[in-house]
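Undergrad: sharing a model that was predicted from the sequence below.
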Amino acid sequence: MDVYGLIGNPVDHSLSPPMHEAGYERLGVDARYVTFEPPKGEGAAAVESATRLGVAGLNVTIPFKQDVLAAVEPDALATRIGAVNTVDFSTDPPTGYNTDATGLVRAFEHHDVSPAGQAVVVGAGGAGRAATVGLATEGMTVAVANRTVDKAESLAATLRTSQADGPMDVQGYGLDMLADLVPDADVLVNATSVGMEEDRSPVPPGALHGDLTVLDAVYTPLETRLLRDARDAGARTIDGAWMLLYQGVEAFERWTGQDAPVGAMNEALRTRL
């Protein structure tokens with residue numbers, strides 16, 4: 001039996017176990033998915049321990065996505081993002097991937113949205129960085145808007161000057177620029193936690209429009225204020241569970257070498273939600 005799992009702290013809230021185990025059951029894969037909660041600051045040590053224990057693959061969540069870089073060989077995309085959320089132990093050293101970026105793109109593609117044109121990403125933290133790199137890798141022009149302007153500008157400058165696969169077309173702004181940026185955008189991604197704890201949106205509703213596709217990475221609740229405002233404006237909306245699903249699907253396929261049973265994994269995820 002293969003053992004896969006997740007390291008995080010805290011990790012008891014994770015929706016990954018039922019999603020992955022539904023996939024194993026549907027395909028008849030002899031595997032289990034378990035969670036580990038190492039002390040904060042011990043992400044790299046946890047990966048090294050997993051190697052010795054014969055764990056086949058790990059997902060990585062907060063606060064270890066940067067820590068584990070010291071214990072893996074990150075691929076080009078994970079290097080560019082500066083974070084790893086999936087570890088494959090079939091190589092020596094283990095290979096680190098970031099499936100948040102590819103999961104975001106696959107969520108758009110599932111809804112028949114081609115990531116092309118101009119994008120606005122709200123937030124320059126870990127999720128925002130993954131979203132920005134994912135969309136820019138697809139060739140989109142990306143505007144990153146963040147509460148701390150310096151952080152958005154620093155992210156944009158780093159990606160513009162990066163030599164991995166060529167520089168990216170990214171600019172950084174403050175949140176006060178959203179009213180000017182969103183009306184010209186084709187895609188909008190909320191990569192902040194705004195909308196999770198309270199019924200509010202990070203984006204002025206008057207900036208939303210019918211030619212826009214909006215993905216909110218928040219998945220509790222599934223329908224956020226941003227998505228309701230976007231729907232009222234005639235925009236296409238994608239809830240955050242789709243990004244969560246497809247980052248898991250990407251990890252599942254890397255580990256097992258099989259096409260993931262997306263329907264079964266999605267049903268398990270949404271049932272738990």
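TA: Good, I have the coordinates.

Undergrad: now for the host helix or strand of residue 215, which elements pack on it?
TA: According to DSSP states H and E, residue 215 maps onto strand 213-216. Judged by 3 or more Cβ pairs under 8 Å, 6 or more residues apart in numbering; DSSP states H and E, strand 213-216 is in contact with helix 99-110, strand 187-190, helix 225-232, strand 236-238, helix 240-256. From N, CA and C alone the C-beta is placed, and that goes for glycine too.

Undergrad: just give me how far the fourth one sits from the chain centre.
TA: Distance, stretch centre to chain centre, for strand 236-238: 17 Å (Cα atoms, centre = their mean, to the nearest Å).

Undergrad: with mean pLDDT, distance to residue 50 and mean neighbour count added, can I get the helices and strands packed on strand 213-216 in JSON lines?
TA: JSON lines is the format used below for the helices and strands packed on strand 213-216 (pLDDT from 0 to 100; distance: least, Cβ to Cβ, whole Å; neighbours: other Cβ atoms under 10 Å):
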{"stretch": "helix 99-110", "mean pLDDT": "97", "distance to residue 50": "18", "mean neighbour count": "23"}
{"stretch": "strand 187-190", "mean pLDDT": "98", "distance to residue 50": "31", "mean neighbour count": "28"}
{"stretch": "helix 225-232", "mean pLDDT": "98", "distance to residue 50": "37", "mean neighbour count": "19"}
{"stretch": "strand 236-238", "mean pLDDT": "98", "distance to residue 50": "33", "mean neighbour count": "20"}
{"stretch": "helix 240-256", "mean pLDDT": "98", "distance to residue 50": "13", "mean neighbour count": "24"}
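
Undergrad: which stretch among these comes nearest residue 32?
TA: helix 240-256 (12.4 Å; Cβ to Cβ).

Undergrad: next, count neighbours for residue 273.
TA: 15 (other Cβ atoms under 10 Å).

Undergrad: check residue 113 too.
TA: Residue 113 has 16 nearby residues by other Cβ under 10 Å.

Undergrad: tell me which residues touch residue 246, please.
TA: By Cβ atoms under 8 Å, 6 or more residues apart in numbering, the residues touching residue 246 are 99, 102, 103, 104, 106, 107, 110.

Undergrad: can you tell me how far the residue lying closest to residue 126 once chain neighbours are set aside is from residue 92?
TA: The shortest distance from residue 126 to any non-neighbouring residue, by Cβ to Cβ, 6 or more residues apart in numbering, is to residue 83 (5.6 Å). Plainly put, residue 83 is 22 Å away from residue 92 if you go by Cβ to Cβ, to the nearest Å.

Undergrad: and these two? Which one has more around it.
TA: residue 83 (24 against 8).

Undergrad: now do the SS call for that one.
TA: coil (DSSP: H, G, I helix; E, B strand; the rest coil).

Undergrad: which two from the contacts of residue 246 end up farthest apart in space?
TA: 99 and 110 (14.6 Å).
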